[in-house]
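Visitor: Just the structure for this:
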Amino acid sequence: MEQSLNDVEYIFIDDCTPDNSMALLMRVLDHYPHRKSNVVVCRNESNMGQAHTRRKGIMMATGDYVIHCDPDDWVEDAWLESLYGEVVRFNCDIAWCGFDSVLSDGSTMFFANKASNCIDDFLIKLETGQKWGSLCLHLVNRKIAQSDKISWPDWNYCEDLSLIFQYAALARGVAFVDKGLYKYRHNLESITLRRNRQGIIRNVEGEIKASFQGLSVCLRLGLGRRHRANILSRIFRAKARLWLAASGSRDFCKLWHECTDTLGLADIWKSSLSFREKIVTSSILLNVYPLIKS
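Guide: Okay, the predicted model is just below:
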């Protein structure tokens, strides 16, 4: 409500929350009567989850650009004005910013989230994990976000990555604001930071699904081998994180094979993994890694 940009449409969706979030929202709106005419509030008939609710909000939007804000985070007052100023300045479809990760003790760590104002570099940084693909950091042209060319994720982990990759692949240009305009609350109970076994596995599965959609986009748009190689590497590196779920035990290989990706040896050697990573990943695929490890 404190945004310095005045012409903003606010969409709040109640995904059948069990807490008092909506009552709190109504109290907040009473403090900002000048915003009420720009606010849309709706309620899902049943709990649809993050991915479906995001899509619903996007399809309801009528503004020129869309962006998200997670309910446990906050933003600088100039968040929207700064991002919108860049898309106007460069006549582009996407503008994104850095963010501050805020720890429970109040300390902050700035993440630049950098890439050049070049779509190819943007995609490479996204594929290799050098920049975050959070929808909360990216202001996106509504026509792209609502395009029938977008394949919508139906999972709730890492769905941001799938959408941002598709948005960027369809964009005519991108622009970066080198400021920590978004404040990401480092909440260990959040959907992305849960480090129990199930949470780790679901995060890996979500990243694999998002990466496969990226491969599909590469094929459809004729993106080069480098992009496909990077995405293959991302899949194998995501599966390597199952080591955490296995607590370093031999159960790691079992989990690795259960987390299906349909990729084989040829895909490992087509990826941009280092030579050592290719050897280790091949040994896991062939079920000889436990023997090497022991």
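Visitor: which element follows the longest helix seen in the chain toward the C-terminus?
Guide: With secondary structure taken from DSSP state H, the chain has its longest helix at helix 197-221. Under the assignment DSSP states H and E, the closest C-terminal helix or strand after helix 197-221 is helix 225-240.
Visitor: name the helices or strands packed onto that following helix?
Guide: On a contact count with 3 or more C-beta pairs under 8 Å, 6 or more residues apart in numbering; DSSP states H and E, helix 225-240 meets helix 119-127, helix 197-221, helix 265-270, helix 275-285. All C-beta spots, glycine's among them, are computed from the backbone N, C-alpha and C.
Visitor: If we use 6 Å, what do you get?
Guide: Here helix 225-240 touches helix 119-127, helix 197-221, going by 3 or more C-beta pairs under 6 Å, 6 or more residues apart in numbering; DSSP states H and E.
Visitor: could I get the shortest one in CSV with only the CA atoms?
Guide: Pointing back at helix 119-127 there. Extracted C-alpha coordinates of helix 119-127, given in CSV (Å, rounded to 0.1, in the frame of the first residue of the first chain):
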residue,chain,number,x,y,z
ILE,A,119,18.3,-12.2,-22.9
ASP,A,120,20.9,-14.9,-23.7
ASP,A,121,23.0,-14.0,-20.7
PHE,A,122,19.8,-13.8,-18.6
LEU,A,123,18.9,-17.4,-19.6
ILE,A,124,22.4,-18.7,-19.1
LYS,A,125,22.6,-17.2,-15.6
LEU,A,126,19.1,-18.7,-14.8
GLU,A,127,20.1,-22.2,-16.2
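Visitor: ok, and what's touching that helix?
Guide: Residues outside helix 119-127 that contact it (C-beta atoms under 6 Å, 6 or more residues apart in numbering): 115, 131, 133, 165, 168, 174, 230-231, 234.
Visitor: mind listing the helices for this protein?
Guide: Under DSSP H, the chain gives helices at 21-30, 49-60, 79-90, 119-127, 142-145, 159-170, 197-221, 225-240, 242-245, 251-258, 265-270, 275-285, 289-293.
Visitor: rewinding a little: what distance separates the longest helix of the chain from the centre of its chain?
Guide: In terms of C-alpha atoms, centre = their mean, to the nearest Å, the centre of helix 197-221 is found 11 Å from the chain centre.
Visitor: how about that helix: buried residues?
Guide: Going by neighbour count (16 or more other C-beta atoms under 10 Å), the buried part of helix 197-221 is 199-215, 217-218.
Visitor: Show me what it is packed against.
Guide: Counting by 3+ C-beta pairs under 6 Å, 6+ apart, the packing neighbours recorded for helix 197-221 are helix 159-170, helix 225-240, helix 242-245.
Visitor: Understood, closing this out.
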